[in-house]
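1. Requesting a structural model of the entry that follows:
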Amino acid sequence: MRSVFRFRKSVVSSVLVAALLAVPAGARTWRVEKDFSGDFASIHNAVLACSAGDSILIGPGRYDDFHPVTAPAWNTAAIVYVTKDDLTFVGSGPESTIVGPTEMFDPPELYPAPMGIVAIEDLTATFVDIGIENADRGLYWDEGSVVVENCRFLECRDSVALICPGGGRISGCYFHSAVADAVGIFTYPPCGAVVVSGCEFANSGLSEDGLSLQGTSGVVIQNCLFGSYNGIGFSGSAGTVSGCVFSESVALGLSVSSASRVELYNNEIHGSYAGLVVHSNSLVSGNGNVFSGGQDVATIVVTTASTVQLNQNHIFHSGTRAVELRWFVNQLVEQDLTENFWGTTDTDSIAMWIQDINDDPAIHSIANIQPIASGPVSSKEKSFGSVKSLFR
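-> Coordinates of the predicted model:
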């Protein structure tokens, strides 16, 4: 269906073959087939039979048999309840092997609502070539660490929820949901370092956030496509974003808040509300980016004791302002916006597109813009289509 699902397919397949051939002595490979031609017809029964280090190959079909999950603070159900360490789950393709019902299953007696894949112990696992659909949380990982490759998440509330100290790696995955308050990838402390690469967060109207990063350090987001209503939200988190494209359908490209620290390199960042919002004592730095949008507010908004150090970027004026500074109430805070290209070399025009202390003495922050770039800088501009070609 989507070119993203062919993300280096031959490479992934060869790696999987090598991994399965290199399994530890005594490890087994189990086959799950809906037509009973394998070892099991249920993924759940295969997990029960597994030992640490085993692999489970899952054939085509929809797997929607729920099983009880009891955590210290809640009771729910899941289709794949992982209770063994170091397991590898390999489907026959994200459009062929489906984990989840045909529509959201949300019985009132269970809290939280039933999930697709769950682990609540200190475990590691790898999931490859699987589709996860119609779950309150498509994949919920508490403790341990997890790897997810070439999977598709459709119509989940939280597609991937990570609370695991070991962190996770998510690559080549596709996310889409029209469920209210949906999030593609959600992290929460004590989640460890998370790497998200080569993923697509598709447009789904006014509900979906691509990534919501809460209290997470060591975040690496690279070569991803954002068409979700909101792109990435950093809250009390730290990391880098590089080589990503935020399309015309994104309302807020990046939100950086609550003392977050974020570096941006070679991205194309658009948001109709704002491309970048930095607030609550946060810091954003970077170069080689293209900032656009801001028809509703401004291309870049910086507030409440936050600072930016953005040099050698393109900052385009699409709305009322290119940069808006506000709600600085104490000592003067300087914003480093030097050596950028603004689409013009006319400093008077650029100054008119900026709101700072020069416009209102109550704003105790100033945008330092000179020297400005005399022409377009080397910023590796990309388009949504050209970046999608990387996945073919």
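2. Okay, and the beta partners of residue 366?
-> Here residue 366 sits in beta bridges with residue 334, as judged by DSSP bridges.
3. Isn't it up against residue 336?
-> No - contact criterion C-beta atoms under 8 Å: residue 366 and residue 336 do not qualify, at 10.4 Å. For every residue, glycine as well, the C-beta is placed using N, CA and C.
4. So which residues of the stretch 1-150 of the chain form helices?
-> 9-21, 43-49 (DSSP state H, counting those that start in this stretch).
5. before we move on, what about the stretch 251-392 of the chain?
-> Counting by DSSP H, counting those that start in this stretch, the helices of the stretch 251-392 of the chain are 347-352, 384-388.
6. worst average pLDDT in the ones you listed?
-> Looking at the helices of the stretch 251-392 of the chain, the lowest mean pLDDT belongs to helix 384-388 (a mean of 49).
7. which of the helices of the stretch 1-150 of the chain has the lowest average pLDDT?
-> Per-stretch mean pLDDT for the helices of the stretch 1-150 of the chain is lowest at helix 9-21 (a mean of 45).
8. Quick check: end-to-end length of stretch 278-291?
-> The first and final residues of stretch 278-291 sit 14 Å from each other (C-alpha to C-alpha, to the nearest Å).
9. Would you mark the buried spots in that stretch?
-> Using 16 or more other C-beta atoms under 10 Å as the test for burial, stretch 278-291 gives 278-280, 282-291.
10. cool, stretch 55-67 as well?
-> The neighbour-count check on stretch 55-67 (16+ other C-beta under 10 Å) flags 55, 56, 57, 58, 59, 61, 62, 63, 64, 66, 67 as buried.
11. And the furthest pair within the residues you listed?
-> The largest separation in these, counting by C-beta to C-beta, is between 55 and 66 at 23.4 Å.
12. For the closest residue to residue 141 other than its chain neighbours, give its distance to residue 359.
-> Among residues not flanking residue 141 along the chain, residue 164 sits closest, at 4.8 Å (C-beta to C-beta, 6 or more residues apart in numbering). According to C-beta to C-beta, to the nearest Å, residue 164 and residue 359 sit 46 Å apart.
13. who's more crowded, those two?
-> Counting neighbours by other C-beta atoms under 10 Å for residue 164 and for residue 359 shows that residue 164 has the greater number, 24 against 14.
14. Doesn't that one lie inside a helix?
-> No - counting by DSSP: H, G, I helix; E, B strand; the rest coil, residue 164 falls outside a helix, being coil.
15. Confirm for me that it is in contact with residue 142.
-> Yes - between residue 164 and residue 142 there is a contact at 6.4 Å, judged by C-beta under 8 Å.
16. got the phi/psi numbers for the closest residue to residue 152 other than its chain neighbours?
-> Spatial nearest neighbour of residue 152, excluding adjacent residues (C-beta to C-beta, 6+ apart): residue 94 at 3.6 Å. Main-chain dihedrals, residue 94, degrees, to the nearest 10: phi -70, psi -10.
17. Thought residue 172 was touching residue 94, still the case?
-> No - if you go by C-beta under 8 Å, residue 94 and residue 172 don't touch, sitting 9.4 Å apart.
18. Run through the stretch 201-350 of the chain and note the low-pLDDT ranges.
-> Applying pLDDT under 70 to the stretch 201-350 of the chain picks out residues 204-207.
19. change it to 50
-> Within the stretch 201-350 of the chain, no range satisfies pLDDT under 50.
20. Could you work out the end-to-end span of stretch 345-361 for me?
-> End-to-end span of stretch 345-361 (C-alpha to C-alpha): 26 Å.
21. How many neighbouring residues does residue 319 have?
-> Per other C-beta under 10 Å, the neighbour tally for residue 319 reads 18.
22. show me what contacts it?
-> 293, 294, 295, 296, 297, 298, 299 (C-beta atoms under 8 Å, 6 or more residues apart in numbering).
23. What's the local residue count around the first one?
-> Neighbour count for residue 293, taken as other C-beta under 10 Å: 26.
24. That concludes my questions; thank you for your assistance.
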